[in-house]
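[1] just need the structure, nothing else, for what follows:
(one chain, ligands or ions: 2)
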Amino acid sequence: MDLKTFIRDIDDFPRQGVVFKDITPLLANAKAIRYTLDKLVEMVGVYGVDKVVGMESRGFFFGPLLAQRLNAGFVPVRKPNKLPSEKISQTYDLEYGTDTLDMHSDAILAGEKVLVHDDVLATGGTARATCNLVERLGGEIVQCNFLIELDFLKGRDKLGETPVKALLNY
Ligand SMILES: O=P(O)(O)OC[C@H]1O[C@H](OP(=O)(O)OP(=O)(O)O)[C@H](O)[C@@H]1O
Ligand SMILES: Nc1ncnc2[nH]cnc12
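    Ligands and ions are numbered 1, 2, ... in the order given. Predicted coordinates for the structure are as follows:
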């Protein structure tokens, strides 16, 4: 199955000059969802993952499905002021200004093996901040796993030694 046929380019969204990779056609197709999940699981290739960490909001589409297939728990990383219990926060740079992501303080136990999952790796700011949150709680990141990587933005350069894998490259 050619998954790229289920990904739609939207010019100038959310702002002028950005080509947005829209995965909603993929999400609308049962066979494409199943195929994507099978391929994401295959790509992990690591045993003993304890937690899958997914970033709000598009990391929530496949993150919990992936966790279920890996027999792991799922941990949401959320935008500010959404998590109700004790949390840690990480601020990171955007193209203009900064943003913050939160994770519950008890979401990862020291020594747990963690798979970080999101739909798109672009500049890598979101993934870098998420890895920092996991590492601050003592988690061991076994892989950063994406549906799509935008190669020209060189996001993987921000992730250092961490193994980075993507199903589709543009
Ligand atoms: O590599 P980066 O440059 O950090 O960009 C990647 C992030 O951007 C998108 O999320 P967005 O902030 O648009 O939020 P959404 O998932 O709620 O749409 C995408 O889902 C990633 O989380
Ligand atoms: N071009 C893009 N398409 C979809 N999601 C993104 N997140 C960051 N850049 C993106």
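[2] report the central residue of the protein.
    In the chain, the residue lying closest to the centroid (C-alpha atoms, centre = their mean) is Asp118, at 1.8 Å.
[3] immediately after the helix or strand harbouring it, which helix or strand?
    In this structure, Asp118 sits in strand 113-121 according to DSSP states H and E. Along the chain past strand 113-121, the next helix or strand (assigned with DSSP H and E) turns out to be helix 125-136.
[4] hmm, that following helix in reach of ligand 1?
    Yes: shown here: helix 125-136 in contact with ligand 1 (C-beta under 6 Å from any ligand atom) through 125-127. C-beta coordinates here come from the backbone N, C-alpha and C atoms, glycine included.
[5] just give me the closest of those to Val77.
    Nearest to Val77 among the residues of helix 125-136 next to ligand 1: Thr126, at 8.5 Å, using C-beta to C-beta.
[6] excluding its backbone neighbours, what's nearest that closest one?
    Once its chain neighbours are removed from consideration, Thr126 has its nearest residue in Met55; the separation is 5.5 Å (C-beta to C-beta, 6 or more residues apart in numbering).
[7] what's the answer for Phe6, then?
    By the measure of C-beta to C-beta, 6+ apart, the closest residue to Phe6 outside its immediate chain neighbours is Leu26, 3.8 Å from it.
[8] touching the strand or helix carrying that neighbour from outside, list them.
    With elements delineated by DSSP H and E, Leu26 resides in helix 24-27, which encompasses its position. Applying C-beta atoms under 8 Å, 6 or more residues apart in numbering, the contact partners of helix 24-27 are 3, 6-8, 32-33, 36, 61.
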